[in-house]
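Visitor: pasting the structure only:
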Ligand code: G3H
Ligand code: 13P
Ligand code: ZN
């Protein structure tokens, strides 16, 4: 039976983006697929009084079970209220690849969907995105489209090489499709291995620094569609501390380099209203579990290793909201 997101207590992204644009910050869009991640996101966002977008990929929806997910989202809304601060929560489909998937998510309580036609020829991307927008808007569900292709490989999301967004296409795309926000490609990419070491320089501490994002393209896009909400995917910073912990406790993460936080801060102060972060959470979760297993090899109660991992996530999300996205205190 279909359920409206409004009955669950969720909100769409429209008002969130309007305020983020005005206040020059970005809404955190954190991916989740299990209970500990969701608990950590809600706890961190309530404690920092930040609005939040809970993102679910099609792979995550299959993993968690689509019926259970709808109740997890409802539970998240209630949990925030019980914690004493009812932050705005949006449930968003990340990288939707078909019209049917978007419809199914809307019918099961999502308040926002992404239709990712970025790999399609331009006209097909326009047609597919428009079709999703026409359906979604009937239910006051917001839609994110994408122009330009990000590099990186992430389960269902893959592209070998990136193609930057062409600013000359954005105005036409937004007008023809009616989308509420637009994901663009300006040098970010999915996953933990975003750049090869040979593409980076080293700073004084020996840390690899990747080439800067293409703020010139973002500027040009802003000029063409002023005040229109822009989305950045692939925005994990790949913290060296987490990678070090993983690699010194039996892991093998070679050449992991992410997007420097200052660059995300700068993007958030421009027209970027939503910043997608998944890999950083995966890294801290893995780091905490590896560390615990090394220190306490006899441990076999999942709560004893998932609990500390959840604590790491809470700290990470709070840090992002407070120091990177600027969303803390905006709920
Ligand atoms: O951009 C993709 C997200 O990180 C989701 O990844 O498809 O492995 O759930 P996933
Ligand atoms: P990261 O892999 O950089 O965390 O990006 C996540 C993302 O874009 C989800 O859509
Ligand atoms: Zn993405």
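Guide: Done, it's in. Predicted model, so just to flag it, every value in this text is computed and none were measured. Ligands and ions are numbered 1, 2, ... in the order given.

Visitor: can you list the residues of the chain near ligand 2?
Guide: Residues of the chain found near ligand 2 (Cβ under 6 Å from any ligand atom) are 31, 94-95, 154, 190-191, 233-236, 276-279. Any C-beta I mention is one placed from the backbone N, CA and C, and that applies to glycine too.

Visitor: Most neighbours among these, which one is it?
Guide: When neighbours are taken as other Cβ atoms under 10 Å, the top entry among these is residue 235 (32 neighbours).

Visitor: For burial, what's the neighbour tally of the closest residue in space to that residue that isn't next to it in sequence?
Guide: Nearest residue to residue 235 in three dimensions, chain neighbours excluded: residue 275, at 4.8 Å (Cβ to Cβ, 6 or more residues apart in numbering). When neighbours are counted by other Cβ under 10 Å, residue 275 registers 29.

Visitor: Can you tell me how far the residue nearest in space to the middle of the chain is from residue 200?
Guide: Nearest to the mean C-alpha position of the chain, by Cα atoms, centre = their mean, lies residue 276 at 2.2 Å. From residue 276 across to residue 200, the span is 22 Å (Cβ to Cβ, to the nearest Å).

Visitor: Name the residues of the one helix or strand residue 18 maps to that are buried.
Guide: Using DSSP states H and E, residue 18 maps to helix 14-23. By neighbour count on 16 or more other Cβ atoms under 10 Å, the buried set for helix 14-23 is 14, 16, 17, 19, 20, 21.

Visitor: Mind listing residues that contact that helix?
Guide: Contact partners of helix 14-23, identified using Cβ atoms under 8 Å, 6 or more residues apart in numbering, comprise 26-27, 51, 53, 88, 90, 142, 180-181, 227, 229, 271, 273-274, 326-327, 330.

Visitor: Quick check: next helix or strand after that helix?
Guide: As assigned by DSSP H and E, the chain's next helix or strand after helix 14-23 is strand 27-31.

Visitor: Name the next helix or strand downstream of that following strand, please.
Guide: Sequence order places helix 35-47 as the next helix or strand after strand 27-31, per DSSP H and E.

Visitor: Distance from that following helix to the middle of the chain?
Guide: Counting by Cα atoms, centre = their mean, to the nearest Å, helix 35-47 is centred 15 Å from the centre of its parent chain.

Visitor: and residue 289, how far is that from residue 317?
Guide: To residue 317, residue 289 is 17 Å away according to Cβ to Cβ.

Visitor: secondary structure class for the residue nearest to the centre of the chain?
Guide: Following DSSP: H, G, I helix; E, B strand; the rest coil, we place residue 276 in the strand state.

Visitor: so it makes contact with residue 54?
Guide: No. Using Cβ atoms under 8 Å, residue 276 is not in contact with residue 54, being 11.7 Å away.

Visitor: quick one on the thing from earlier: which of residue 289 and residue 317 has more neighbours?
Guide: Taking residue 289 and residue 317 together and counting by other Cβ under 10 Å, residue 317 has the greater number of neighbours (28 against 18).

Visitor: Show residues contacting stretch 129-141.
Guide: Applying Cβ under 8 Å, 6+ apart, the external contacts of stretch 129-141 come out as 4-6, 12, 96, 99, 102-103, 106, 110-113, 115, 117, 142-143, 145, 173, 176-179.

Visitor: So which bits of it are buried?
Guide: Buried-residue list, stretch 129-141, by 16+ other Cβ under 10 Å: 129, 130, 131, 132, 133, 135, 136, 139, 141.

Visitor: ok but the first one is inside a strand, no?
Guide: No. The assignment for residue 129 is helix, going by three-state DSSP, so no strand is present there.

Visitor: re earlier: please pick the buried ones from the contacts of helix 14-23.
Guide: Buried by 16+ other Cβ under 10 Å: 26-27, 51, 53, 88, 90, 142, 180-181, 229, 271, 273-274, 326-327, 330, out of these.

Visitor: coming back round to it: quick one: which of the buried residues of stretch 129-141 is nearest residue 263?
Guide: Checking those against residue 263 by Cβ to Cβ gives residue 129 as the nearest, at 27.5 Å.

Visitor: Quick one, grab the pLDDT at that closest one.
Guide: In this prediction, residue 129 carries a pLDDT score of 98.

Visitor: can you tell me how far it sits from residue 237?
Guide: Relative to residue 237, and taking Cβ to Cβ, residue 129 is found at 29 Å.

Visitor: same deal with residue 246?
Guide: The spacing between residue 246 and residue 237, counted by Cβ to Cβ, is 15 Å.

Visitor: so where's the protein shaky on pLDDT?
Guide: Filtered on pLDDT under 70, the chain yields the residue ranges 1, 152-162.

Visitor: Looking at it, which strand is longest?
Guide: Longest strand in the chain, counting residues (DSSP state E): strand 89-96.

Visitor: which strands and helices sit next to that one?
Guide: For strand 89-96, the packing partners by 3 or more Cβ pairs under 8 Å, 6 or more residues apart in numbering; DSSP states H and E come out as strand 27-31, strand 52-57, helix 58-64, helix 66-82, helix 99-107, strand 112-115.
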